[in-house]
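S.K.: quick one, what's the 3D model for this:
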Amino acid sequence: MSDALAIGDGIFQITVPMTHNPLGSTLIYAMESPGGVILVDAGWDGDEGWDGLTSGLESIGHSMSEVEGVVLTHFHPDHTGLCGRVREASGAWIAMHEADHEMFRLMSSSHDEAWVADQMENMARAGASQEDREAFASAALGKAPAGPESAPDRTLVDGQVIPLAGRDLRVAFTPGHTPGHACFHLEDADVMFTGDHVLQKTTPHVGNFVYPLEERDALAEFLDSLRRVQSMGITRGLGAHGLPITDLPGRAKELIEHHEERLDHLYEAFGDDEITVWQVAERMKWYRGWEAFSPMARGMAVSEAAAHLRHLVARDQVVRVPGSEPARFARR
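M.R.: Next comes the predicted model:
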């Protein structure tokens, strides 16, 4: 049980715990609206999360039944998981950008044997060994991290206005971390709710999940979205994890520079070799050694490696080796 933190400008921050996850919690933001309260994100599904969200609302004089709606920054379960419980308790609407609706449906489907088989086939196309594929299958099989009861029932579009009490919250489409990630600009307060797009310390994950490479250039989307945020003239950012951002354009610039450095390093790491997507991931610089990654963490790392590889291909610095299977890539 915890009290909400008054950020100022009528914004309250509620810490929704998820002690099973290294991030520890998701930060939810509450503001008064004509029909009660609007939430930015909802948090991971579970009793500890529900207790944190409920007690946070009660500490600012509101009950769960007063939640009018939830605007979601993106489909990931630490943001959407509690939406079903919120809607059941209050009748609230749940809104998310249209580009993430299908992603939510896929995420919330059962992680059964058919789902795992698809993932293993995808990993094989990336060049994963049989041992790595089987380790992933053992770790992944089970209940989906968010259920279909939390599915959004409204669609957000870029520039859309969500009415609050005497002011507005405007949607800014910022794809990259997910295809439909959105930030929310509180126009009278020089602040943007940045979700996982810009975080004060953490570098958000950016991944391409279909191998050898899908059409979507996720990293290009992310970099373009960072440049958009830089240009909007907004000083403060409130992310879903970590401390408030006091220089939002400056932090966006740091993230752009970070990924440019990773691209340069990866290009050099190819040497004269022809390597698979999986081998690209093994050669990338990580915050800890590749051998220390769990099977699930390796899957996420390979998706991040694929996004950087896809961007090097788009820049015509790297090419796919014709006829290779699984696909191999080399410097041009």
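
S.K.: okay, CA-based contacts and neighbour counts for the rest of this
M.R.: Noted.

S.K.: part of a helix, is H265?
M.R.: Yes - assignment of H265 by DSSP: H, G, I helix; E, B strand; the rest coil places it within a helix.

S.K.: got a list of what it touches?
M.R.: Neighbouring residues of H265 by Cα atoms under 8 Å, 6 or more residues apart in numbering: M284, K285.

S.K.: P175 now?
M.R.: H181, A182, A218, E221, F222, S225.

S.K.: for the protein, what spans make up the strands?
M.R.: Along the chain, counting by DSSP state E, strands occupy 5-8, 11-18, 24-33, 36-40, 67-71, 93-97, 154-156, 161-163, 168-173, 182-186, 191-195, 236-239, 318-320, 329-331.

S.K.: export those as a markdown table, with columns for mean neighbour count and mean pLDDT.
M.R.: Shown next, in a markdown table, are these (neighbours: other Cα atoms under 10 Å; pLDDT from 0 to 100):
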| stretch | mean neighbour count | mean pLDDT |
| --- | --- | --- |
| strand 5-8 | 12 | 96 |
| strand 11-18 | 24 | 97 |
| strand 24-33 | 21 | 96 |
| strand 36-40 | 22 | 98 |
| strand 67-71 | 25 | 98 |
| strand 93-97 | 23 | 98 |
| strand 154-156 | 18 | 98 |
| strand 161-163 | 16 | 97 |
| strand 168-173 | 22 | 98 |
| strand 182-186 | 26 | 98 |
| strand 191-195 | 25 | 98 |
| strand 236-239 | 24 | 98 |
| strand 318-320 | 18 | 96 |
| strand 329-331 | 20 | 97 |
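
S.K.: tabulate the ones you listed (JSON lines), appending distance to F209.
M.R.: Listed next are these as JSON lines, based on distance: least, Cα to Cα, whole Å:
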{"stretch": "strand 5-8", "distance to F209": "36"}
{"stretch": "strand 11-18", "distance to F209": "25"}
{"stretch": "strand 24-33", "distance to F209": "24"}
{"stretch": "strand 36-40", "distance to F209": "26"}
{"stretch": "strand 67-71", "distance to F209": "25"}
{"stretch": "strand 93-97", "distance to F209": "20"}
{"stretch": "strand 154-156", "distance to F209": "24"}
{"stretch": "strand 161-163", "distance to F209": "32"}
{"stretch": "strand 168-173", "distance to F209": "21"}
{"stretch": "strand 182-186", "distance to F209": "20"}
{"stretch": "strand 191-195", "distance to F209": "21"}
{"stretch": "strand 236-239", "distance to F209": "24"}
{"stretch": "strand 318-320", "distance to F209": "17"}
{"stretch": "strand 329-331", "distance to F209": "17"}
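
S.K.: quick one: D190 and I245 touch, right?
M.R.: No - with contact defined as Cα atoms under 8 Å, D190 does not count as touching I245 (11.9 Å).

S.K.: neighbour count winner among these two?
M.R.: Each of D190 and I245 has its neighbours counted (other Cα atoms under 10 Å); I245 has more, 21 against 13.

S.K.: give me the pLDDT value at that one.
M.R.: In this model, I245 is scored at 98, pLDDT.

S.K.: residues touching it, list them.
M.R.: Contacts of I245 (Cα under 8 Å, 6+ apart): L199, Q200, R236, G237, L238, G239, R251.

S.K.: which one among the residues you listed gets closest to A99?
M.R.: Among these, G239 lies closest to A99 (Cα to Cα), at 20.5 Å.

S.K.: and of the contacts of P175, the nearest to M64?
M.R.: Ranked by distance to M64 (Cα to Cα), the contacts of P175 are led by A182 at 24.1 Å.

S.K.: list the contacts for that closest one?
M.R.: L72, T73, H74, H97, V171, A172, F173, T174, P175, T194, G195.

S.K.: let's see 7 Å
M.R.: T73, H74, H97, V171, A172, F173, T174, P175 (Cα atoms under 7 Å, 6 or more residues apart in numbering).
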